[in-house]
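# Give the three-dimensional model of this entry:
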Amino acid sequence: MRCPNCGAINPAGARFCGFCGTPLPVPTRARIPILLPTALGILAFAAMAVLAILIFPLLFKPSKPPVIVPENASRVVPVATFGEGWLTRIAFSPDGRILAVATSLGVNLYDPATGQQLHTFIGHKGQVNSVAFSPNGRILASGSEDNTVILWDVSTGQLICTLGRHKGWVNSVAFSPDGKVLASGSSDKTVILWDVSACRRIQTLEGHTGGVESVVFSPNGRTLASGAWDTTIILWDVSTGQRIRTLEGHKYWVLSVAFSPDGRNLASGSWDKTIILWDVPTGHQVSTLEGHTGRVLSVAFSPGGRTLASGSEDKTIILWDVSTGQQIRTLEGHAGWVSSVVFSPDGRTLASGSSDGSIILWEVR
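Model (predicted):
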C-alpha cells in the first residue's frame with residue numbers, strides 16, 4: 001500500500017504509514033454487477049433448451065444396422081466365423097444374445113457378438129441333431145440320435161429333465177409360441193407333443209410313412225407342420241392332434257420346413273434340390289424355387305417375411321425374394337454342407353452352420 005503523504009510503500013494490511021505515520025486509505029472491494037433475469041430472457045433460455053433437447057438426438061443418434069431384405073442383399077457380407085465339430089443345427093435365443101449349436105459332440109452356446117463359447121451341455125449319448133430355445137429364452141431343448149430329448153436350463157447349464165424316448169433318432173425339436181408344448185420329430189415316423197412344465201408326453205402324432213426330419217409351429221400355435229422322408233408335409237391341428245391336410249409336391253425327402261412370420265406361407269426344402277412355397281390356408285403351391293445344385297438342408301424366413309434363406313449340400317446359402325420367388329444373392333464361404341441357416345430376431349444377422357465345423361455370421365454392410 002503506497003502512502004499518500006510520503007509515497008513510501010507499506011505492507012498490505014497496514015493502517016498507518018511506517019515512515020511518516022500518515023493514516024493509510026482502506027482498500028475497497030470491487031463490486032460485480034448482478035444481472036437480474038427478465039421474463040423475456042427466461043423464455044429465450046427455455047426455448048434454446050427445448051431446441052437442444054429435440055435437435056441433439058437427431059444430429060448424433062447412432063444409425064441402426066439395416067435388416068437383411070431383398071433390396072440390400074447385395075451388401076450382405078460375412079462378419080465373423082467360429083464353431084467346432086460337425087454342426088447339424090443352430091438357433092438364436094429370443095433376445096439374439098446367444099447362439100445355440102447342435103453338434104456331433106454335444107450342444108455349445110456362443111456369444112454371437114464376440115464368438116466366445118459360453119457353455120457346453122453334455123448329456124446325450126449320440127449326435128445332437130436339433131436345438132430350440134423356449135420363447136422366454138430360459139430353456140433349451142435338444143434332440144439326439146440317442147432317441148431322447150433333453151431340456152436344459154440356459155442360465156446354469158443344468159439338465160432339467162430327459163423326455164421319454166422315441167423309437168428312432170430325434171431329428172427336430174420346436175417349442176410352441178407360448179412355450180407350453182414341445183414337438184419332436186423322429187426317424188420312427190412319429191411326432192410327439194410334450195408338456196414342457198410336467199416333462200411328460202401329451203400325445204403322439206402318426207401319419208407319415210417315413211422318418212420325420214423337421215417340425216415347426218405356426219406363429220399362432222394352432223398348427224404344426226412336419227416334413228418327412230416320405231416326400232410330404234403334414235399340417236396338424238395342435239389342440240386335437242388331427243391331420244388338417246397333407247402337402248405333396250416334392251420328389252424326394254423333405255428336410256426342412258418353416259412358417260412365414262404371418263403364418264400364411266410355408267417353405268419346404270428338399271432332397272430334390274428345390275424349395276416349395278405353400279399357401280397354408282389352401283394347401284396350394286405358390287412357387288417352386290430352383291437354384292441349388294445340392295440337397296436343400298435348411299430354410300428360414302427373415303423376421304419381416306420378405307426374404308427366405310436356404311442352406312444346401314452345395315456349400316452355399318441363397319437369399320430369395322419371397323414376393324417374386326426370384327434368387328437375389330448367393331453367399332459362399334463354407335467348405336462343407338450348409339446344414340442350418342437362421343436369422344437373428346432383429347433380422348440384421350443371418351447365421352449359417354456347416355459340416356465343416358464353422359458358423360458364419362452375415363450382416364448388411
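
# starting at the chain centroid, how far to the host helix or strand of A300?
Element membership of A300 [criterion: DSSP states H and E] is strand 296-301. Distance, stretch centre to chain centre, for strand 296-301: 15 Å (Cα atoms, centre = their mean, to the nearest Å).

# for stretch 141-157, same thing?
Counting by Cα atoms, centre = their mean, stretch 141-157 is centred 20 Å from the centre of its parent chain.

# end-to-end on it?
End-to-end distance for stretch 141-157: 12 Å, by Cα to Cα, to the nearest Å.

# Could you give the average pLDDT over it?
The average pLDDT within stretch 141-157 is 96.

# Any buried residues in it, and which?
For stretch 141-157, burial by neighbour count (16 or more other Cβ atoms under 10 Å) applies to 141-152, 154, 157. From N, CA and C alone the C-beta is placed, and that goes for glycine too.

# before we move on, the earlier item: and the helix or strand following the strand holding A300, what does it pack onto?
Later in the chain than strand 296-301, the nearest helix or strand by DSSP H and E is strand 307-312. Under the contact criterion of 3 or more Cβ pairs under 8 Å, 6 or more residues apart in numbering; DSSP states H and E, strand 307-312 touches strand 274-279, strand 296-301, strand 316-321, strand 338-343, strand 349-354.

# As PDB, could you dump the C-alpha coordinates of the strand holding A300?
Provided in PDB are the C-alpha atoms of strand 296-301 (Å, rounded to 0.1, in the frame of the first residue of the first chain):
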ATOM      1  CA  VAL A 296     -31.600 -78.200 -49.600                       C
ATOM      2  CA  LEU A 297     -30.900 -78.900 -45.900                       C
ATOM      3  CA  SER A 298     -32.400 -75.800 -44.200                       C
ATOM      4  CA  VAL A 299     -34.800 -72.900 -44.900                       C
ATOM      5  CA  ALA A 300     -35.600 -69.800 -42.800                       C
ATOM      6  CA  PHE A 301     -37.700 -66.700 -43.200                       C
END
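
# Adjacent strands (with direction) for that strand?
strand 307-312 (antiparallel) (DSSP bridges).

# Output the strand it pairs with as CSV, restricted to C-alpha atoms.
Output of strand 307-312 as CSV, limited to C-alpha atoms (Å, rounded to 0.1, in the frame of the first residue of the first chain):
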residue,chain,number,x,y,z
THR,A,307,-36.5,-62.8,-47.5
LEU,A,308,-36.1,-66.5,-47.4
ALA,A,309,-32.6,-68.1,-46.8
SER,A,310,-31.8,-71.6,-47.8
GLY,A,311,-28.7,-73.7,-47.0
SER,A,312,-27.6,-76.6,-49.2
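
# ok, back up a step: will you turn the helices and strands packed on strand 307-312 into JSON lines that also has mean pLDDT?
Putting those into JSON lines (pLDDT from 0 to 100) gives the following:
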{"stretch": "strand 274-279", "mean pLDDT": "98"}
{"stretch": "strand 296-301", "mean pLDDT": "98"}
{"stretch": "strand 316-321", "mean pLDDT": "98"}
{"stretch": "strand 338-343", "mean pLDDT": "98"}
{"stretch": "strand 349-354", "mean pLDDT": "96"}
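
# L118 is nearest to which of those?
strand 349-354 (15.2 Å; Cβ to Cβ).

# OK, contacts around I244?
I244 sits next to T223, L235, W236, D237 when contact means Cβ atoms under 8 Å, 6 or more residues apart in numbering.

# Take those residues and keep only those in strands.
T223, L235, W236, D237 (DSSP state E).

# ok, so of those, who is nearest V254?
Nearest member of the ones in strands among the contacts of I244 to V254, counting by Cβ to Cβ, is L235, at 12.6 Å.

# got the contact list for the closest one?
By Cβ under 8 Å, 6+ apart, the neighbours of L235 are T223, L224, A225, R243, I244, R245, T246, L247, V280, G283.

# What about the fourth one, how many residues nearby?
Which is R243. Number of residues near R243 (other Cβ atoms under 10 Å) recorded here: 14.

# I'd like to know the beta-bridge partner residues of it.
R243 has the following beta-bridge partners by DSSP bridges: W236.

# any idea how far it lies from V131?
27 Å (Cβ to Cβ, to the nearest Å).

# now the end-to-end length of stretch 246-260.
End-to-end for stretch 246-260, by Cα to Cα: 18 Å.

# and if you look at stretch 241-251?
26 Å.

# what pLDDT, on average, does that stretch get?
97.

# starting at the chain centroid, how far to it?
Per Cα atoms, centre = their mean, the centroid offset for stretch 241-251 relative to its chain is 29 Å.

# now swap in stretch 253-268 and tell me
18 Å.

# how about that stretch: buried residues?
253-260, 263-268.

# the bottom helix or strand of this structure by mean pLDDT?
In the chain, no helix or strand scores lower on mean pLDDT, DSSP states H and E than helix 39-60, which sits at a mean of 52.

# Direction included, what does the helix or strand just after it pair up with?
Past helix 39-60, further along toward the C-terminus, the next helix or strand under DSSP H and E is strand 76-82. In the sheet, strand 76-82 lines up against strand 359-364 (antiparallel) (DSSP bridges).

# Can you report how many residues lie near T204?
With other Cβ under 10 Å as criterion, T204 counts 13.

# now the helix or strand containing it: mean pLDDT?
Assigned by DSSP H and E, T204 belongs to strand 200-206. Strand 200-206 comes out with an average pLDDT of 97.

# Mind listing what's buried along it?
Here strand 200-206 shows I202, L205 as buried, counting by 16+ other Cβ under 10 Å.

# Just the CA atoms of it, as PDB, please.
Taking Å, rounded to 0.1, in the frame of the first residue of the first chain, the C-alpha atoms of strand 200-206 are listed here in PDB:
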ATOM      1  CA  ARG A 200     -44.400 -85.700 -20.000                       C
ATOM      2  CA  ARG A 201     -45.900 -86.800 -23.200                       C
ATOM      3  CA  ILE A 202     -49.200 -85.300 -24.300                       C
ATOM      4  CA  GLN A 203     -49.800 -87.300 -27.500                       C
ATOM      5  CA  THR A 204     -48.100 -89.000 -30.500                       C
ATOM      6  CA  LEU A 205     -49.000 -87.900 -34.000                       C
ATOM      7  CA  GLU A 206     -48.900 -90.700 -36.500                       C
END
